[in-house]
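K.L.:
Just the structure for this:
(2 chains)
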2 protein chains.
Amino acid sequence: MAENRAILYAFWLSSCSWRVRAALHLKGIPYEERSIDIVKTNQQQTEQFRAINPAQKVPALVIDNVTLVESMAIVQYLEDTRPEPALTPKTPVLRARMRELVEVVVSGIQPLQNNGLQSQFPTTEQYTKFTRYWTDRGLQTLEDLLQKSAGEYCVGDQITLADLCLVPQVYNAVGRHALDISKYPTVSRLYEKLLNEKVFKETHPKVIKSKM
Amino acid sequence: MAENRAILYAFWLSSCSWRVRAALHLKGIPYEERSIDIVKTNQQQTEQFRAINPAQKVPALVIDNVTLVESMAIVQYLEDTRPEPALTPKTPVLRARMRELVEVVVSGIQPLQNNGLQSQFPTTEQYTKFTRYWTDRGLQTLEDLLQKSAGEYCVGDQITLADLCLVPQVYNAVGRHALDISKYPTVSRLYEKLLNEKVFKETHPKVIKSKM
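P.N.:
Below you'll find the predicted structure:
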């Protein structure tokens, strides 16, 4: 009866969707992606999608006969139920360093540059100024915190949840917000390295868009 | 050499500080609270505090000879290193339900109603409209999600990280944002019950302020 493959409701342009897509890829979990257009046709606002996620946001994942929402809750469920390969360091202090970075992105940057905010601003100029300010400030915090933790990746030499958050956020910063990240050398170095990893190449928004 | 008591840098009015204060209280961890006034004197912007948290935000916790920042990273470090009493459910699905609620608050509400946003808006009226819109929308999401998880508390009959997030956020919604929460019956019921728990009585902002 049960569907074997997980179903990911996502959008190619959504940074939170990318986090989950990358986690599924790293853990080798078979899944089917269903596109919910949150930009042109506002499919997240349909009654059909509201039954999947009452918050009317992507991503949502149907897996193990449950529907999960909120990207990091989903990713951590995958980590709990499919622990290999581990995306979390082993020691409490390194785990905390990873979670600090995750929280800076998830709480300090992403919500304050979300496309969905635009309708709440009287002018596009105000929206743009706001989103660029908070993205830039968050990137500075990441740069500062990474001095304590970075190795080959955000935390030591292992890809962790922090990298799953960093890549989509910096992609938005460079692209949508046209920010210069060269003043953040550690962020820049990690971003360039991670973009060349198989997982981020194969889950890249441009690749997802080209398959639609 | 090492300081035995943890040091919490926090502010009585800060909802993120309250999350950590409540976790320390529940786990019976001895700590000293040092006030960083983020409203009147902007102590978070001093060089002295920047050395503690480069992001110039509260809370920060010095414990076990490390300095940790970002409230949920701190709380989860306490959960990793002092597992009793547990603030996380045992099964992966309930853990995911808890994390969904946490993420709605931490990513979907708190950042979009933060005091620190005010300077980015041309008028107070615009700021107020923005913060009330996102708080109200987030409360609706919490109400919807709680239908799947709530018992005596947010997730079943155990106080979890979700309750540590719910109480300070609803306190802001009712107080600072003057929102009517009666249209969210589950949120209202849990909030009233939790406010009467010893942990939230003793870590309540008004109690902390009165000790300053």
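K.L.:
tell me the pLDDT at residue A:2?
P.N.:
Listed pLDDT for residue A:2 reads 49.
K.L.:
Quick one: mean pLDDT for the helix or strand containing residue A:201?
P.N.:
According to DSSP states H and E, residue A:201 maps onto helix A:198-202. Helix A:198-202 comes out with an average pLDDT of 98.
K.L.:
What segments of chain A are strands?
P.N.:
A:6-10, A:31-35, A:60-63, A:66-69 (DSSP state E).
K.L.:
Turn the ones you listed into JSON lines, including mean pLDDT and mean neighbour count.
P.N.:
Placement of C-beta: from N, CA and C, glycine included. Shown next, in JSON lines, are the strands of chain A (pLDDT from 0 to 100; neighbours: other C-beta atoms under 10 Å in any protein chain shown):
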{"stretch": "strand A:6-10", "mean pLDDT": "98", "mean neighbour count": "21"}
{"stretch": "strand A:31-35", "mean pLDDT": "97", "mean neighbour count": "16"}
{"stretch": "strand A:60-63", "mean pLDDT": "98", "mean neighbour count": "23"}
{"stretch": "strand A:66-69", "mean pLDDT": "98", "mean neighbour count": "19"}
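K.L.:
Of all the ones you listed, which one is nearest chain B?
P.N.:
Of all the strands of chain A, it is strand A:66-69 that lies closest to chain B, at 5.4 Å by C-beta to the nearest C-beta.
K.L.:
Can you give me the domain boundaries for chain A?
P.N.:
According to automatic domain parsing, chain A comprises the domains A:6-85, A:92-199.
K.L.:
Tabulate those (CSV), appending distance to chain B.
P.N.:
As requested, the domains of chain A are arranged in CSV below (distance: least, C-beta to the nearest C-beta, whole Å):
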stretch, distance to chain B
domain A:6-85, 4
domain A:92-199, 4
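K.L.:
So which of the ones you listed is nearest residue B:124?
P.N.:
Closest of the domains of chain A to residue B:124 is domain A:92-199, at 14.1 Å (criterion: C-beta to C-beta).
K.L.:
so who does residue A:21 touch?
P.N.:
A:8, A:10, A:33, A:59, A:203, A:208 (C-beta atoms under 8 Å, 6 or more residues apart in numbering or on different chains).
K.L.:
of the strands of chain A, which approaches residue B:183 most closely?
P.N.:
Nearest of these (C-beta to C-beta): strand A:66-69, 21.5 Å.
K.L.:
which other helices and strands contact the closest one?
P.N.:
Using 3 or more C-beta pairs under 8 Å, 6 or more residues apart in numbering or on different chains; DSSP states H and E as the contact test, the elements touching strand A:66-69 are strand A:60-63, helix B:92-103.
K.L.:
Let's have those in CSV, adding distance to residue A:128.
P.N.:
Listed next are the helices and strands packed on strand A:66-69 as CSV, based on distance: least, C-beta to C-beta, whole Å:
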stretch, distance to residue A:128
strand A:60-63, 29
helix B:92-103, 26
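K.L.:
just to revisit the earlier point, want to try TSV for the domains of chain A, with distance to residue B:22 as columns?
P.N.:
Shown next, in TSV, are those (distance: least, C-beta to C-beta, whole Å):
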stretch	distance to residue B:22
domain A:6-85	21
domain A:92-199	17
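K.L.:
Please tell me how far residue A:68 sits from residue A:85.
P.N.:
20 Å (C-beta to C-beta, to the nearest Å).
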